[in-house]
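Peer 1: here is my input; please provide its structure:
(2 chains)
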Amino acid sequence: EDKVVQSPLSLVVHEGDTVTLNCSYEVTNFRSLLWYKQEKKAPTFLFMLTSSGIEKKSGRLSSILDKKELFSILNITATQTGDSAIYLCAVEALRSNYQLIWGAGTKLIIKP
Amino acid sequence: DTGVSQDPRHKITKRGQNVTFRCDPISEHNRLYWYRQTLGQGPEFLTYFQNEAQLEKSRLLSDRFSAERPKGSFSTLEIQRTEQGDSAMYLCASSLAGQGRVFFGSGTQLSVL
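Peer 2: Below is the predicted model:
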């Protein structure tokens, strides 16, 4: 059965720390992996990764995919309180059509 | 505002009542998804449409749930005879077919008393 597993489930760090969030997957016919940030309501898109070893970067956030070991990491450097959110990982895989399979998320809390 | 919009934002109902939620996707998007999310969990797939056709429905979805997208634009999700276990955030998302990235609405928070 297709699955996406995120770790840790929750994480508390202090402002300025660097964090690494993990997403591993087992799916049939992988197409892409996506990261979203969810604060209070709708998840908002961060990155979409399709190729191994190519880092995607946006400000203090970066992400990389390893298609051989079937995982991705999301790094946040110099964390700020505004980074507090749930970070969701989803994998696009073939079911009846390509669908997103979601992980449970990592709840990140940044303490001032 | 050209994003995905959902209505209402909050709904409180008594057990046994029927509720209906609406989703207006991004206008050029032909795919529309409904998800349910409870605290501490990622979005759980309910169903999706491509244009007006409902292509897949989660086997976990009971017969009390039904969704429509009559003209391939907005969609409605109806829950009949609500139960307390239906309390959750109901998220709508849209995308273009063939593109993995989905755009979410702000969700409808349902509380069944």
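
Peer 1: and stretch B:15-25, anywhere near chain A?
Peer 2: No - judged by C-beta under 8 Å from any C-beta of the partner chain, stretch B:15-25 and chain A are separated, with a smallest distance of 11.7 Å. Just so you know, the C-beta spots here come from the backbone N, C-alpha and C atoms, and that holds for glycine as well.

Peer 1: what's in contact with that stretch?
Peer 2: Stretch B:15-25 has contacts (C-beta atoms under 8 Å, 6 or more residues apart in numbering or on different chains) with B:4-8, B:11, B:13, B:32, B:34, B:73-84, B:90, B:92-94, B:105, B:108, B:110, B:112-113.

Peer 1: just the buried residues of the residues you listed.
Peer 2: B:4-6, B:11, B:13, B:32, B:34, B:74-75, B:77, B:79, B:82, B:90, B:92-94, B:105, B:108, B:110, B:112 (16 or more other C-beta atoms under 10 Å in any protein chain shown).

Peer 1: for B:Gln109, give me its contacts.
Peer 2: B:Gln109 neighbours (C-beta under 8 Å, 6+ apart): B:Arg9, B:His10, B:Lys11, B:Met89, B:Tyr90.

Peer 1: apply 10 Å and report the result again.
Peer 2: Counting by C-beta atoms under 10 Å, 6 or more residues apart in numbering or on different chains, B:Gln109 makes contact with A:Lys41, B:Pro8, B:Arg9, B:His10, B:Lys11, B:Ile12, B:Gln37, B:Ser87, B:Ala88, B:Met89, B:Tyr90.

Peer 1: how about B:Leu32?
Peer 2: Neighbours of B:Leu32 in contact, by C-beta under 10 Å, 6+ apart: B:4, B:23-26, B:47-52, B:54, B:67, B:69, B:72-75, B:92-95, B:102.

Peer 1: secondary structure element holding it?
Peer 2: strand B:31-37 (DSSP states H and E).

Peer 1: can you pull the buried residues of the following helix or strand past that strand?
Peer 2: Sequence-wise, the next helix or strand downstream of strand B:31-37 (DSSP H and E) is strand B:44-50. By 16+ other C-beta under 10 Å, the buried positions in strand B:44-50 come out as B:Glu44, B:Phe45, B:Leu46, B:Thr47, B:Tyr48, B:Phe49, B:Gln50.

Peer 1: pLDDT at the closest residue in space to the second one that isn't next to it in sequence, what is it?
Peer 2: What it means is B:Phe45. Distance criterion C-beta to C-beta, 6 or more residues apart in numbering or on different chains; nearest residue to B:Phe45, sequence neighbours excluded, is B:Ser58 at 5.4 Å. Looking at B:Ser58, its pLDDT is 88.

Peer 1: the helix or strand of chain A with the lowest mean pLDDT pairs with which strands?
Peer 2: When the helices and strands of chain A are scored by mean pLDDT, DSSP states H and E, strand A:98-102 comes last with a mean of 82. Paired strands of strand A:98-102, with direction, are strand A:85-94 (antiparallel) (DSSP bridges).

Peer 1: with just CA atoms, put the strand it pairs with into CSV.
Peer 2: This file holds the C-alpha atoms of strand A:85-94, laid out as CSV (Å, rounded to 0.1, in the frame of the first residue of the first chain):
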residue,chain,number,x,y,z
ALA,A,85,3.5,25.7,11.3
ILE,A,86,2.7,22.2,10.2
TYR,A,87,4.8,21.1,7.3
LEU,A,88,3.2,18.6,5.0
CYS,A,89,4.8,16.3,2.5
ALA,A,90,2.8,14.7,-0.3
VAL,A,91,3.9,12.3,-3.1
GLU,A,92,2.3,12.3,-6.5
ALA,A,93,1.9,8.7,-7.5
LEU,A,94,-0.1,6.6,-9.9
